[in-house]
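In: here is my input, please return the structure:
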Amino acid sequence: MKNKRGDVDKSILVQIILVVLVFTMFLGVTAKKIDGRGVRQDIIESQIAMAIEAGVPGMSFEISKINVNGIINKVNIEGGKIFISIDGLSSFEGHSYFSRYDVKVIDEKGKFLVVIS
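Out: Next comes the predicted model:
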């Protein structure tokens, strides 16, 4: 009887260790993703998309190349989506925006100028 209980205790202990190990790995991967450049890139893309959606003709706003979220290398607008490259990481999905006005991006020294016309 004692051996069976010992075997059960070892089995439960091994399962607990495996669960803790998998949970720790999950937290490590999640923490890296939350602090990743991709998340920062998506945040900036969505903020700019919202600014474009709220814009009216004749309005313009600037995006500083040196940003809290990283250095913005490139801003492109193609097919109703905005694509931003931060710290050399190019955007593949972009962020959609809805505007009936023409939107263009002008690359100036130290900033990008988004013009709605």
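
In: roughly how far does the residue sitting nearest the centre point of the chain sit from His95?
Out: By Cα atoms, centre = their mean, the chain has its centre lying nearest to Val39, at 1.9 Å. The gap separating Val39 from His95 is 13 Å, by Cβ to Cβ, to the nearest Å. C-beta here means a position set from N, CA and C on the backbone, and glycine is covered the same way.

In: show me the helices in the protein, by range?
Out: If DSSP state H is used as the criterion, the helices of the chain fall at 2-34, 37-54.

In: what's the shortest one packed up against?
Out: Helices and strands in packing contact with helix 37-54 are listed as strand 60-64, strand 70-78, strand 81-86, strand 95-96, strand 111-116; criterion 3 or more Cβ pairs under 8 Å, 6 or more residues apart in numbering; DSSP states H and E.

In: most packed of these?
Out: strand 81-86 (a mean of 20; mean count of other Cβ atoms under 10 Å).

In: and that one, what other elements does it pack with?
Out: By 3+ Cβ pairs under 8 Å, 6+ apart, strand 81-86 packs against helix 37-54, strand 70-78, strand 95-96.

In: quick one: it to helix 37-54, angle?
Out: 140 degrees (axes from the mean of the first three to the mean of the last three Cα atoms, to 10 degrees).

In: quick check: angle from strand 81-86 to strand 111-116?
Out: Using the same axes, to 10 degrees: strand 81-86 against strand 111-116 is 170 degrees.

In: mean confidence score for strand 81-86?
Out: The pLDDT scores in strand 81-86 average 91.

In: give me the distance from that strand to the chain's centre.
Out: 11 Å (Cα atoms, centre = their mean, to the nearest Å).

In: ditto for stretch 103-117
Out: The answer for stretch 103-117 is 22 Å, by Cα atoms, centre = their mean.
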